[in-house]
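[1] sequence and predicted structure are below.
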Amino acid sequence: MNITVDRAGLGLLISAAGGTVDGIATVISELGADAVAAATVAELLYHADVPAGPDVTVEIGLRHGDDIFRYEVRVTPTDVRSQALGDTEVKADAAVVQDLTEVVRGLFGPRGAQSNATRVTRWGHLENPGAFDRPLPVYDVVRRLADALDRPYAIGLAELCVRYGSDKWGHHTYPRRYEQHFDRLRDQPLTVLEIGVGGFGDQQRGGASLDVWRRYFPRALVYGLDIVDKSHMSDQRVTVLQADQSSPADLARVLEVTGTPDIVIDDGSHVSAHLLASFAHLFPALRDGGLYVMEDLQTSYWPTFGGLAHTYDDPATSLGFLKTLVDGLHHEEIVGRTAAPADAHIGGLHFYHNLAFIEKEHNLDGGAPSWIPRGAR
Ligand SMILES: C[S@@+](CC[C@H](N)C(=O)[O-])C[C@H]1O[C@@H](n2cnc3c(N)ncnc32)[C@H](O)[C@@H]1O
């Protein structure tokens, strides 16, 4: 796919999509209406899930001022493609025309911003009485395009994991936990970074969870890092970087690209020392109010992953370290504690089977009053 608006431009478009129509129009003009139209059609097709099937051609027109950017979506038994039409005339089975600003707001805006006041749908078969005998394949294609514009938040996380093949659902049942914490963030402009793209040494495999996040968070710029180079999996709103999660130098380079993350998910090597190294570097960079997630913490008990089978609170293991954060959360209450780096930034800790969420906040509200006796009675 051609990336038509770069990452910074997409960030601007996503922010504008939460604002006024005039604000959206200004950003469209800055980025170039033709480039935005191309990015918008790519995003529309991504959300529409049109399957290959009987031959159908739908014309999409995105109106912006006096201009109209025309695209053809062509479904065949083997694939689904789109291309810009320019002035070329096509005999389409249906045509859908809508204002570009409204489409941008629908696809990149927050929940509730979707509207279809400027949409006009025309069918190509109305003068053919025989076409009224049965539902036509074009109906389903247009229905999917319209749903993508009107209901981009409809799909749930477990369904996405199954669709894209992420093991977060199935053997693990992480989606219900993720939804508990992520639902309120779903329609915000976000920077999401996941450690571990998947597929291990096979450069062609992986990327499932990046697809999941891209779809679950319609307004996010999604980043994945992996020790294996999988950068060819980068796509609109997704950037894949090669980095070793245990290397501070690599993580510094990653942060230069991502800027301040809102969410970090560690689903990488699952080696305790690596989890700790990533947390030491990435948690300070997380925005206040952000979430840091660690998956597959059972490895904390497995020596093959640098864990310990018979000692549960050694801070060199992932869960042993996370237990120290419970004390960090209460650092202002503990007499004589030597402050740990994260103490003043732990807002909350949530533990589930093999999964932990750490909320970042200013943890500096002060302890209990000094006159309450704290020593031995
Ligand atoms: C469990 S898979 C990730 C699965 C993916 N997050 C998903 O849910 O679809 C773990 C990935 O971490 C990568 N990995 C292993 N060691 C790493 C390291 N030191 N730094 C970065 N990535 C690493 C592996 O190459 C592998 O692709």
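    That came through fine.
[2] residues contacting S209?
    S209 sits next to 161, 164, 166, 168, 194, 196-198, 224, 265, 267 when contact means C-beta atoms under 8 Å, 6 or more residues apart in numbering. In this view, the C-beta of every residue, glycine as well, is placed from N, C-alpha and C.
[3] how about P152?
    P152 is in contact with 47, 106-107, 114, 218, counting by C-beta under 8 Å, 6+ apart.
[4] now tabulate the contacts of S209 in JSON lines and tack on pLDDT, neighbour count and distance to the ligand.
    As requested, the contacts of S209 are arranged in JSON lines below (pLDDT from 0 to 100; neighbours: other C-beta atoms under 10 Å; distance: C-beta to the nearest ligand atom, whole Å):
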{"residue": "C161", "pLDDT": "96", "neighbour count": "24", "distance to the ligand": "8"}
{"residue": "Y164", "pLDDT": "95", "neighbour count": "18", "distance to the ligand": "8"}
{"residue": "S166", "pLDDT": "95", "neighbour count": "24", "distance to the ligand": "4"}
{"residue": "K168", "pLDDT": "94", "neighbour count": "24", "distance to the ligand": "5"}
{"residue": "E194", "pLDDT": "98", "neighbour count": "25", "distance to the ligand": "6"}
{"residue": "G196", "pLDDT": "98", "neighbour count": "21", "distance to the ligand": "3"}
{"residue": "V197", "pLDDT": "98", "neighbour count": "28", "distance to the ligand": "5"}
{"residue": "G198", "pLDDT": "96", "neighbour count": "21", "distance to the ligand": "3"}
{"residue": "G224", "pLDDT": "98", "neighbour count": "27", "distance to the ligand": "8"}
{"residue": "I265", "pLDDT": "98", "neighbour count": "23", "distance to the ligand": "7"}
{"residue": "D267", "pLDDT": "98", "neighbour count": "20", "distance to the ligand": "4"}
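[5] ok and the residue in the stretch 251-377 of the chain nearest the ligand?
    S269 (3.3 Å; C-beta to the nearest ligand atom).
[6] just the buried positions in the longest helix along the chain, please.
    Longest helix in the chain by number of residues (criterion: DSSP state H): helix 33-48. Buried residues in helix 33-48, counted by 16 or more other C-beta atoms under 10 Å: 33, 35-48.
[7] and V222, what's its pLDDT?
    V222 is assigned 98 on the pLDDT scale.
[8] still on that earlier bit, ok, the residue of the stretch 251-377 of the chain closest to the ligand touching G196?
    Yes. Assessed by C-beta atoms under 8 Å, S269 is found in contact with G196 at 7.4 Å.
[9] what do the two both touch?
    Shared contacts of S269 and G196, defined by C-beta under 8 Å, 6+ apart, comprise Q245.
[10] what's the domain layout of the protein?
    The chain breaks down into these domains under automatic domain parsing: 7-150, 157-360.
[11] next one: the shortest one to chain centre, how far?
    So the one you mean is domain 7-150. Domain 7-150 sits 22 Å away from the centroid of its parent chain (C-alpha atoms, centre = their mean, to the nearest Å).
[12] how long is that domain from one end to the other?
    Distance across domain 7-150, first residue to last, is 24 Å (C-alpha to C-alpha, to the nearest Å).
[13] residues making contact with stretch 49-61?
    41, 44, 68-80, 82, 85, 90-98, 137-138, 140-142, 144-145, 148.
[14] in strands, which of these fall?
    68-75, 80, 82, 94-98 (DSSP state E).
[15] per-residue confidence for I3?
    Looking at I3, its pLDDT is 54.
[16] check G336 too.
    On the pLDDT scale, G336 gets 87.
[17] that one - how many residues pack around it?
    Look at G336: counted by other C-beta atoms under 10 Å, it has 4 neighbours.
[18] please determine how far S166 is located from Y292.
    19 Å (C-beta to C-beta, to the nearest Å).
[19] now the end-to-end length of stretch 157-173.
    Start-to-end, stretch 157-173 (C-alpha to C-alpha) is 11 Å.
[20] how about P110, what does it touch?
    17-18, 187-188, 219.
[21] test my guess that R186 contacts R111.
    Yes. Checked against C-beta under 8 Å, the pair R186 and R111 is within contact range at 7.1 Å.
[22] so what's Q245 up against?
    195-196, 225, 227, 251, 266, 268-269, 274, 277-278.
[23] who touches stretch 291-307?
    For stretch 291-307, the surrounding residues in contact (C-beta under 8 Å, 6+ apart) are 168, 172, 174, 178, 181-182, 185, 262-267, 269-275, 279, 282-283, 286, 308-309, 312, 316-320, 322, 354-360.
[24] if we can go back for a sec, following the chain onward from the longest helix of the chain, which element is next?
    As assigned by DSSP states H and E, the chain's next helix or strand after helix 33-48 is strand 56-64.
[25] that following strand vs strand 94-99, what angle?
    20 degrees (axes from the mean of the first three to the mean of the last three C-alpha atoms, to 10 degrees).
[26] how about W169, phi and psi?
    Main-chain dihedrals, W169, degrees, to the nearest 10: phi -120, psi 140.
[27] residue numbers of the stretch 151-300 of the chain in contact with the ligand?
    Contact residues, the stretch 151-300 of the chain versus the ligand (C-beta under 6 Å from any ligand atom): 166-168, 194-200, 206, 208-209, 225-228, 244-246, 267-269, 274.
[28] thinking again about what came up before, now, the contacts of S209 that are in helices?
    Counting by DSSP H, the part of the contacts of S209 found in helices is 161, 164.
[29] doesn't A309 fall inside a strand?
    No. Under DSSP: H, G, I helix; E, B strand; the rest coil, A309 falls outside any strand and is assigned coil.
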